[in-house]
Structures are given as structure tokens and as C-alpha cells.
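J.: sequence below, structure please.
(one chain, ligands or ions: 2)
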Amino acid sequence: MERLVIAVDGPSGSGKSSVSKETARRLDAVYLDTGAMYRAVTWHALDAGTDLSDAAAVADAVRAADLEISTDPDLESVKIHGTDVTEAIREPFVSEAVSAVATNLEARAELVRRQREIIAANPRIVAEGRDITTVVAPDADARILLTASEEARMRRRGLQLGGTQSAQDLQRQVVARDAKDSTVSSFLIASDGVATVDSSDLDFEETVQAVLAAVTAQSN
Ligand SMILES: Nc1ncnc2c1ncn2[C@@H]1O[C@H](COP(=O)(O)OP(=O)(O)OP(=O)(O)O)[C@@H](O)[C@H]1O
Ligand SMILES: Nc1ccn([C@H]2C[C@H](O)[C@@H](COP(=O)(O)O)O2)c(=O)n1
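T.: Residues are numbered from 1 along each chain as shown. Ligands and ions are numbered 1, 2, ... in the order given. Here you go, the predicted structure:
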């Protein structure tokens with residue numbers, strides 16, 4: 001089957017995971033959620049009692065992490081040292097701690113290395129995160145920045161978490177996390193050659209169609 005590497009970046013709650021997964025299904029590709037990798041190693045570091053303010057200890061923990069992630073868009077599964085953490089990594093305590101790992105440059109280098117290995121092993125893949133269009137796969141066949149207004153992103157995340165989070169919680173988990181994460185990767189403005197899809201006023205299906213159109217425009 002013809003090679004098709006699609007890179008998708010964007011801020012929290014813009015729809016990267018859900019839209020990329022659906023795009024992968026429609027293009028008969030696999031799907032890589034790189035944010036889940038950052039979340040899994042953060043869960044592991046917290047579980048092991050690693051001091052997240054100790055950069056060397058965090059980097060060691062990430063390098064030693066035995067991480068397995070499903071690339072099947074219809075099977076969400078993340079395991080760390082054999083423990084299934086698929087659900088646990090979505091908990092707010094992980095969302096609030098993950099930037100400590102994501103801003104650790106040695107930890108990033110290790111995860112970027114592993115992400116490139118997965119992409120190299122899967123010629124048809126949609127990979128999404130914060131630095132896929134710029135660092136992990138700048139040579140992808142299609143590169144897309146998926147954005148949405150802060151208001152839309154917080155509303156979507158609130159609905160996704162079943163209305164359990166206060167406005168202040170959502171602000172911390174979405175806007176404050178993006179502010180920290182954007183100190184080490186550029187995902188708020190599209191880099192040269194990267195197409196922007198703004199989903200603020202689009203529903204889910206319209207967003208998938210806009211991404212598919214951007215893929216067609218770039219890969220032909
Ligand atoms: N265009 C859209 N319109 C309405 N809801 C959407 C749209 N796109 C995604 N959603 C919903 O918004 C929520 C957040 O989407 P998703 O988890 O895919 O975002 P994300 O960018 O991957 O976030 P994060 O980076 O924090 O994991 C989900 O419940 C998803 O179904
Ligand atoms: N390529 C990536 C992917 C994710 N991150 C960071 C940013 C987030 O704080 C965290 C979790 O990602 P999410 O599940 O919310 O998409 O991981 C990153 O720095 N680079």
C-alpha cells in the first residue's frame with residue numbers, strides 16, 4: 001500500500017486525537033497518539049515516586065520506561081511495564097503533572113526517538129501531538145495544525161470529562177498546560193508548509209472533512 005505519513009499538531013482540546021483517529025480509519029492507516037506516550041511516562045514517574053522537579057531523575061525514568069502503545073485506531077491501549085494505564089493516564093492528576101515531563105528536553109529526545117521508530121515501521125500512519133509537524137516528522141506527506149478557540153477547547157474538554165471539572169480546573173488543564181508546553185514546542189502557529197484547520201466553528205464531521213481535504217491538497 002502507498003506510503004502516507006500524516007502529521008497533526010495543535011493545542012489541548014482542539015480535537016487532534018479524535019479527528020486524527022477518524023482520519024486514520026478513513027485512510028486505512030494506523031494512528032499514533034504521542035500525547036499518550038508523555039502521559040504514560042508521567043504516570044510511571046508519579047507511581048515510582050520520582051521527584052518531577054529533578055530533571056535528571058525524570059529523564060532516567062523515561063529512558064528506562066517499558067512502554068507499549070496500540071496504533072490501532074479502534075483499540076486504545078497503553079501499557080507501562082505491563083500495567084494497563086489506558087484509563088489512568090486521562091485522569092486530571094496526570095494532566096496537571098505531564099508538563100513537567102514534556103518540558104524535560106532529555107525526556108523529549110527519548111520519546112521523539114521512539115516515535116520516529118514507530119512511524120518508520122508503519123508507512124501509513126497519522127501521528128498527532130505538539131511537535132510532529134516540526135520535529136518528529138517534518139518530512140511527512142501532509143502536515144496539519146488543528147486549532148480551535150480557547151473557549152471551544154475548554155467547552156469540549158468539560159463535556160468530555162462529564163461536567164466534573166470547574167472552570168478553574170479546565171483553565172489549568174487546557175490553557176495553562178498549553179502555555180507551559182509551548183515553551184518547548186511550537187504548536188500555536190503553523191510553521192512554514194503546515195496547513196491550518198480551525199475547528200472552532202466546525203462540527204466533528206466537518207473537521208474530519210477539512211483535514212482530509214488538507215491531506216489531499218498536500219500529498220498530491
Ligand atoms: N470539531 C469538533 N466539534 C466538537 N467537538 C469536537 C470537535 N473535535 C473534537 N471534539 C471533541 O472535543 C473533545 C476533545 O477532543 P480531543 O480529545 O480529540 O482533543 P485533543 O486535541 O486530542 O486534546 P488533548 O491534546 O488535550 O488530548 C472530544 O470529546 C472530541 O470528541
Ligand atoms: N508530541 C507531543 C505530544 C504531547 N506533548 C505533551 C503536551 C501535553 O501536556 C501532554 C499530553 O498530551 P495530550 O494527551 O494532552 O495531547 O504531552 C508534547 O509535549 N509533545
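
J.: sec struct for the nearest residue to Ala65 once chain neighbours are set aside, please.
T.: Nearest non-adjacent residue to Ala65, counting by C-beta to C-beta, 6 or more residues apart in numbering: Val41, 4.9 Å away. The way it works is simple: take the backbone N, C-alpha and C, and place the C-beta from them, glycine included. Three-state assignment for Val41 (DSSP: H, G, I helix; E, B strand; the rest coil): helix.

J.: quick one: Val41 from ligand 2, how far?
T.: According to C-beta to the nearest ligand atom, to the nearest Å, Val41 stands 10 Å off from ligand 2.

J.: what's around that residue, how many residues?
T.: Neighbour count of Val41, defined by other C-beta atoms under 10 Å: 28.

J.: just checking, what packs against whichever strand or helix holds Val101?
T.: In this structure, Val101 is located in helix 92-102 according to DSSP states H and E. Counting contacts by 3 or more C-beta pairs under 8 Å, 6 or more residues apart in numbering; DSSP states H and E, helix 92-102 packs against helix 34-47, helix 55-64, helix 177-181.

J.: near ligand 2, anything from the shortest one?
T.: The one in question is helix 177-181. Yes. Interface with ligand 2: helix 177-181 contributes 177, 181 (C-beta under 6 Å from any ligand atom).

J.: can you list the strands that the helix or strand following that helix pairs with?
T.: As assigned by DSSP H and E, the chain's next helix or strand after helix 177-181 is strand 195-198. With DSSP bridges as the test, strand 195-198 is paired with strand 142-147 (parallel).

J.: how about the partner strand as CSV, C-alpha atoms only?
T.: The C-alpha coordinates for strand 142-147 follow below in CSV (Å, rounded to 0.1, in the frame of the first residue of the first chain):
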residue,chain,number,x,y,z
ALA,A,142,0.9,16.0,4.9
ARG,A,143,1.3,18.3,7.9
ILE,A,144,-1.6,20.0,9.6
LEU,A,145,-2.1,22.3,12.6
LEU,A,146,-5.5,21.7,14.1
THR,A,147,-6.6,24.7,16.2
